[in-house]
Every structure is written in structure tokens, then in C-alpha cells.
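Enquirer: Just a sequence and a predicted model for now, questions to come.
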Amino acid sequence: MTTTTLAVLVPLLPFLGAAAGLLLGRTAPGFVRPLAILPTHAALVLAVLVAADQGGGRAIDASTELTPTGSVPVDLALHIDGFAALVAVLVAVVAACVQIYSTGYLRDDPRYPSYAALVSLFTSAMLLVVYSGDLMVLLVGWEVMGICSYFLVGHYWETPEARAASLKAFLVTKLGDVPFLIGLFALATDAGSFRITEILGAVASGGLDHPTLIALLLLAGVAGKSAQFPLHTWLPDAMAGPAPVSALIHAATMVAAGVYFTARLLPVFEASSAAMTVLAVMAAVTMAGSALAALAQDDVKRVLAYSTIGQLGYMTGALAVGDRGAAVFHLLSHGAFKALLFLAAGAVIHAAGTNSLAAMSRTGNLRDRVPDAYWTMTVALLALAAIPPFSGFFSKESVLGAAEHTATGHTAHAPGAAGWIVLVAGLITAVLTAAYATRLWLLAFRGRGADAPSHGRQPLTMTTVLWVLAVPSLALGGLTFRVLPDWFGGGSLAPALTTSVLGTGLALAGGIVTYGAWRHTTALAARTPMGAVAAHHEADAGLVEAEAIATHRPAYGDIAYAPDPADPGRLLLGPLHRHAAVGFHLDAVYAALFVRPVLAAAGLVRFLDREVVETYVRAAGALPRLLGAAVRRAQTGNVQTYVSALLAGAVVLTVAVVLVATGA
């Protein structure tokens, strides 16, 4: 079997598994789990074989005309280079782990058959995006992921939070997809093809007439799909879905698609210095803002959601300085430890019976009750904080090193200003990342209250997956930063001395300061009456709840806000805490600028339709209705009445004729 055939089967097998699962889910429930697990694992094996055959060498290209268009052709094409081969393996690994984990996490869920099928379809769509060599075919996978995310985020549709979150995720990403689609057509028009290889050839020869416009239009779609400022607000609310869905979205699909797309078409963006600067600013604001917001969240999944936004900011920052190798390296590393973080968080939530860090900090013995989740989540948090020798250290330092390289003028791929913007924001975010990672670990596992009630034993399928993902979270960076350059075009990914010392030192400082703040707040809380604490934080809680209601934001995260006197985030952020807790009021800004005007316009249209248009319609129908009523009264059914009327009419006509004749 040829490599091309194997590559075609990689996205096809999960798709067939999804179709069979949807068809047989109700009639043959015994086939649901095999149909969820086997096609995904088969796709993983084939993806590994394709990667081994590609080997970081020459790209694998194959195509066939999909349909004649009369102008720019659309081809069913494959383009598998080193980036695509490794990202496909990541997608398949995370999807396989999620499917196994879900068999335990959702073992009593009546909607598990549809859930498993949608996860398979989600996986197939992302693999199509990764392997596709034609932008129109890539767009199909891009949009299918949006539909799948709508259904999976809204899995618990009985709750208003899940319904609102799924709708918000769909609409915000579609808002970015509209200019994205226009950008794709503009790009194909300039290049004369939707084929990625031909587009890159046109860019190399200077064949793009509008590079800045095209790049900015494409960036809108990337910002929506990869949750970058200002279209990132959907991702924290998307945590209303099951924890395995969060792991899949955050680690290997959906949000990774935007970064991967930009990496694949990076020469298009590099053709415009303005676009690269915009990308750098977007990355910097995303990194720093999301890290501050993560430090103020009470819901453990929202902390991880804002963390994902920030880590994606690192990836887009690497792309802004023209180093797609560093961006995809961090994408691979982040995929491993973020999937582990979400799945471990699911185990912790399952054991504690709550998402709230405040509630977890008031209980004890969580680390003893779920030791597998405790140890593996500790590994993942150390990787997230970029502490050596964990994988996040190597991949994050490759980003910072690339930014320093650009800032000092050693590359012509991006303006030096973009390098400085990414470097400064990346170092600031390194401090904040270590701070919120330490805070999460302390509040979740170092509680000093009574033991929480037991919610059952963790299934073996859940704990096994955690240890499987812990291996790359610990070893991926150190083992691969010397090997990956051959797959990414030869650029060095080794940590630079300056940024390694700065980044690690700042991360350690952030963790130590947070630990000291936690010790201080814990001691203070032990001496402070709870009534005084509640009164002190009442304004914060009221602000969060009022804004959530005003902006129609899902309530499950911040509405459940229960002030924790031992929370070091309050001490570290000070007056900024209440604003960071609501994402710096961006939802309120959108509500004021867009939601309310649209609702007001809709109300005006409704008024005009009912009170103006319908009035004319009713008036236009009133006259025929009156005439009909008059005619209906004349139709009595009495023959004598009809004869009398006939005679009377004849007399009237006779008199009229005589009068006319006499007058004549």
C-alpha cells in the first residue's frame, strides 16, 4: 500500500467510524465503543507510518481534480511535509487518548454514542485540515470542526450555560470565518490557484498583488479559530462541555488549526511587514491579557482555558517573528501537556464534585484520593510553567530565542519591532504563567479543610491515559529539539542562553512569589472571621455576577464565584483582580458595541413590521372584506327577493333610459 493511500485513510477512517457510530448508536449500542476507539487508533498507526515514510524529507504531494470550475480549479490534494506529518500524529494521539478516557468519564451518559461519533468526526476534520494541499478542501475540514464544536460544547444542553457557550463559540468563530473566506478567494485570485504549493510559488515570485489585505483578512479567521485577541472570548465559556472535549479542542484540534494554517502559509504573511506587526501585537496582547485573566479565575477549567489562549499567543508570536519551526514545536509540546492538564483536571473534578478552586481549597485529601491525577497534573503544570527539563521549557525557549533573534536584527523575515514586542510580552507572560500554574496547584491539592465526600473510584481507562500523556510532557522537549529541525527545514530549536536564563528565572520568581502570597493569605484567613471576609469581597462577587448577566455570558464559571480568603491571586493582582476575573470586560464591550445595537435594530424592525407594514396590509384587506360582507348580505336565498330586485332594477333602468332620451 502506497504512502498516499495510507495518508488518505488517516482522515477517512475516523469519518467512517463517526458515520457508523451515528447510524448504529441506538440500534446496536454494543458497537459504540469499538467504533469510537478502533478507527481512531487505526488512524494513529497510519499517521505514524506516514510520518516515518516522510521522515522530514521531501513533501508528499498527490492530487486529482475534484470538480471543474471554469476558472480557478479545486483539487482533492495532499501536501504532507514535516510539519503536517508530525501534527497529524499529535492529533491522532490526543484523539485516541480522549476516546479511551471518555469511555470511563462518560460511561453512564445516555448521549455517549452521539458524543463519541462527533469526537471521531472532529478528529477526521482536523486531519483533513492537516493533510490537505488545497485551500477549498482545507476549508471543508475547517468548517466541519466549527459544527462539531457547537454540538460537543453544548453536550449538556439541558443547562443554559452549555447552550449559551455552544452558540457563542459558533457565532464568534463564524465572525472570523467571513473575512477568512474572502481572504481565501482573494489569495486564489492573485495566485491563480487554491493549491498550497502553487500559492507558495506565486509568493516566492512576487505574484501577490494585495499581500497586506489578504494577510489581514486571513488573520481574522485565524484569530477566531485559535482564540486570539480580540476573538478569544468564546474559549473560556466553551468549558461548559465535558472535560475530554476541552482536552481535544485545546490540545490538538480547533484552536490548533489557526496556528497550523498560518505556519503552512507563513510566506503569505511575511510578504507584508504590516501584517507581521499586527500579528505580533495580537500575540502580545493575547499572551499577557490571558495570563492575567487566568490568575483571577475560580473555575479550574477556565484557568486552563485562558492558559491555552496564552500559549497559543506564544505560537502566533513565533510566527510573527518568522519562525514557524518554533511555533509548531510549541504546538506539539503544548498539545501533550495541555491534553494531560484537562484530562487530569477532569479526574480532579470527578473526585471533588466541583469545578471551583475555592471549594477545592477548603477541602483536603484530594491529592491522596486521586494520586495519579495529582502527580501527572504536577508534571503538566511544570511543563506549562516552562521549568527545565520538562517539555514546555524547550519549546517556549525556542519561541523566546526566535523573538530575540528577530529583535536584534538577525533575520529579514519580520520587522525588528515585532521581535521586541513578542520578546517583552513573552517574558512577562512567563512570570504570570508560573504564577497561575502555582496558584492552581496550591488551591487544588493543598487544601486544609475537611475531606470532600467521595464521588467514586477513578476508572482505569482514565488513569492510564494520564500516565501515557505524562511521558511526552516530561520528555518530548529534551528528546526532540535536536531532531525536529530536520523536519522543520533546518532552523535551530536549541534554547538560547540569554532567554533561557531570563525565562527560567522569571518563571521561578513567579512561582516563589505566588507560594509566598498563598502562605500569607492562608495564615490571614485562619485569623479572619468568615463574615468579615464575605463582606470584604461582596463587591467583587456582585460585579462579576452583574456583568455576566448583562452580557448574557454563561454563568457556570464566574457566577459560581465564592470568594476564597486563601486565594493568592487576589493579593497578587490587587485592584486588578475584579477586572481580570471578567476578562477585562471585553464581553461587556462587545455587548455595548454590537449586541445591544443589533437587538435595538431588531426591535425597531419588529415595530415597523407590526405597526406600519401590517397596518397597511390590514387596511388594504379591509375594503374587499367590507364589499364581500355587503354582497354576502344580498345573497339571502329567497327567490321573491331576487325577482323583486330584478324588477326594481328594470324599472330604474327604464326610467334612466327615458330621462336620457328626453334630454337628448
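Expert: Nice, I can see it.
Enquirer: Can you tell me the SS state at Ala62?
Expert: Put simply, Ala62 is strand when judged by DSSP: H, G, I helix; E, B strand; the rest coil.
Enquirer: mind listing what it touches?
Expert: Ala62 makes contacts with 4, 7, 77-78, 133, as judged by Cβ atoms under 8 Å, 6 or more residues apart in numbering. Heads up, the C-betas are built off the backbone N, CA and C, glycines and all.
Enquirer: Then Thr262?
Expert: Listed by Cβ under 8 Å, 6+ apart, the contact set of Thr262 reads 218-219, 222, 269, 279, 316, 319, 327.
Enquirer: Of these, which is the nearest to Ser356?
Expert: Thr316 (31.0 Å; Cβ to Cβ).
Enquirer: So what does the closest one look like in phi/psi?
Expert: The phi and psi values for Thr316, taken as degrees, to the nearest 10, are phi -70, psi -30.
Enquirer: Report pLDDT for Leu627.
Expert: Note for Leu627: predicted pLDDT of 82.
Enquirer: Quick check: next helix or strand after the strand or helix carrying it?
Expert: Take DSSP states H and E as the rule and Leu627 turns out to sit in helix 614-634. Going down the chain from helix 614-634, the next helix or strand is helix 639-663, by DSSP H and E.
Enquirer: The nearest residue to Gly310 once chain neighbours are set aside: neighbouring residues, count only.
Expert: Counting by Cβ to Cβ, 6 or more residues apart in numbering, Ser290 is the residue found nearest to Gly310 once chain neighbours are left out, at 4.1 Å. Neighbour count of Ser290, defined by other Cβ atoms under 10 Å: 32.
Enquirer: Number the residues from 15 up from this point.
Expert: Sure, I'll start numbering at 15, so the last one becomes Ser304.
Enquirer: Check which helices and strands the helix or strand hosting Ser304 sits against.
Expert: Taking DSSP H and E as the definition, Ser304 sits inside helix 287-308. Here helix 287-308 touches helix 225-239, helix 280-284, helix 314-334, helix 430-459, going by 3 or more Cβ pairs under 8 Å, 6 or more residues apart in numbering; DSSP states H and E.
Enquirer: Please identify which of the contacts of Ala76 is nearest to Pro486.
Expert: Closest to Pro486, out of all of the contacts of Ala76 and judged by Cβ to Cβ, is Ala21, at 23.0 Å.
Enquirer: State the distance from that closest one to Glu79.
Expert: Per Cβ to Cβ, to the nearest Å, Ala21 is found 18 Å from Glu79.
Enquirer: More neighbours: which of the two?
Expert: Legend: neighbour count by other Cβ under 10 Å for Ala21 and Glu79, higher for Ala21 (25 against 11).
Enquirer: just to revisit the earlier point, buried residues in the helix holding Leu641, which are they?
Expert: The neighbour-count check on helix 628-648 (16 or more other Cβ atoms under 10 Å) flags nothing as buried.
Enquirer: just checking, what packs against it?
Expert: Secondary elements touching helix 628-648 (3+ Cβ pairs under 8 Å, 6+ apart): none.
Enquirer: Just want the angle from that helix to helix 653-677.
Expert: In terms of direction (axes from the mean of the first three to the mean of the last three Cα atoms, to 10 degrees), helix 628-648 departs from helix 653-677 by 100 degrees.
Enquirer: And helix 628-648, how far out from the chain middle?
Expert: From the chain centre to the centre of helix 628-648 is a distance of 57 Å (Cα atoms, centre = their mean, to the nearest Å).
Enquirer: Restrict it to CA atoms and write it as CSV.
Expert: Taking C-alpha atoms only, helix 628-648 is exported to CSV below (Å, rounded to 0.1, in the frame of the first residue of the first chain):
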residue,chain,number,x,y,z
GLU,A,628,-49.1,45.3,9.0
THR,A,629,-51.4,48.4,9.3
TYR,A,630,-51.2,49.0,5.5
VAL,A,631,-51.8,45.3,4.9
ARG,A,632,-54.8,45.2,7.2
ALA,A,633,-56.2,48.4,5.6
ALA,A,634,-55.7,47.0,2.1
GLY,A,635,-57.7,44.0,3.1
ALA,A,636,-60.4,45.9,4.9
LEU,A,637,-62.2,47.3,1.8
PRO,A,638,-62.6,44.0,0.0
ARG,A,639,-63.7,42.5,3.2
LEU,A,640,-66.5,45.1,3.6
LEU,A,641,-67.5,44.7,0.0
GLY,A,642,-67.7,41.0,0.5
ALA,A,643,-69.8,41.4,3.6
ALA,A,644,-72.2,43.6,1.6
VAL,A,645,-72.5,41.2,-1.2
ARG,A,646,-72.9,38.4,1.3
ARG,A,647,-75.9,40.2,2.9
ALA,A,648,-77.6,40.4,-0.6
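Enquirer: Tell me where the model's unsure across the stretch 515-664 of the chain.
Expert: For the stretch 515-664 of the chain, the stretches flagged by pLDDT under 70 are 542-578.
Enquirer: go with 50
Expert: 545-553, 555-560, 563-575 (pLDDT under 50).
Enquirer: could you pull out the strands for it?
Expert: Counting by DSSP state E, counting those that start in this stretch, the stretch 515-664 of the chain forms no strands at all.
Enquirer: and the angle for the helix or strand harbouring Leu346 with helix 430-459?
Expert: Using DSSP H and E, Leu346 sits in helix 338-366. Interaxial angle of helix 338-366 relative to helix 430-459 (the same axes, to 10 degrees): 20 degrees.
Enquirer: model confidence over helix 338-366, on average?
Expert: Computed over helix 338-366, the average pLDDT equals 91.
Enquirer: follow-up on the earlier one: give the single residue among the contacts of Ala76 positioned nearest to Thr247.
Expert: Set against Thr247, the nearest of the contacts of Ala76 by Cβ to Cβ is Gly147 (33.0 Å).
Enquirer: And the strands in the stretch 365-514 of the chain?
Expert: 377-378, 464-465.
Enquirer: rank those strands by pLDDT, which is bottom?
Expert: Per-stretch mean pLDDT for these is lowest at strand 464-465 (a mean of 59).
Enquirer: Helix or strand with the lowest mean pLDDT in this protein?
Expert: Within the chain, no helix or strand scores below helix 544-564, which has a mean of 48 by mean pLDDT, DSSP states H and E.
Enquirer: which secondary structure element contains Ser207?
Expert: Using DSSP H and E, no element contains Ser207; it sits outside every helix and strand.
Enquirer: neighbours around it, how many?
Expert: Ser207 has 20 neighbours, counted by other Cβ under 10 Å.
Enquirer: What residues does it make contact with?
Expert: Applying Cβ under 8 Å, 6+ apart, we find Ser207 in contact with 86-87, 213, 216.
Enquirer: Specify which member of those residues is nearest to Ala361.
Expert: Distance to Ala361, by Cβ to Cβ, is smallest for Ile213 among those, at 44.1 Å.
Enquirer: Would you quantify the distance from the closest one to Leu152?
Expert: In terms of Cβ to Cβ, Ile213 sits 11 Å off from Leu152.
Enquirer: Gly327 now?
Expert: As judged by Cβ to Cβ, Gly327 and Leu152 stand 23 Å apart.
Enquirer: who has more neighbours, the two?
Expert: A count of neighbours by other Cβ under 10 Å puts Gly327 above the other of Gly327 and Leu152, at 31 against 24.
Enquirer: wouldn't that one be in contact with Ser304 here?
Expert: Yes: if you go by Cβ atoms under 8 Å, Gly327 and Ser304 touch, sitting 6.7 Å apart.
Enquirer: ok, and for the helix holding Leu346, which residues are buried?
Expert: Using 16+ other Cβ under 10 Å as the test for burial, helix 338-366 gives 338-366.
Enquirer: With stretch 105-117 instead?
Expert: Buried, per 16+ other Cβ under 10 Å, within stretch 105-117: 105-117.
Enquirer: ok so, going back, please pick the buried ones from the contacts of Ser207.
Expert: Looks like the contacts of Ser207 have 87, 213, 216 buried, using 16+ other Cβ under 10 Å.
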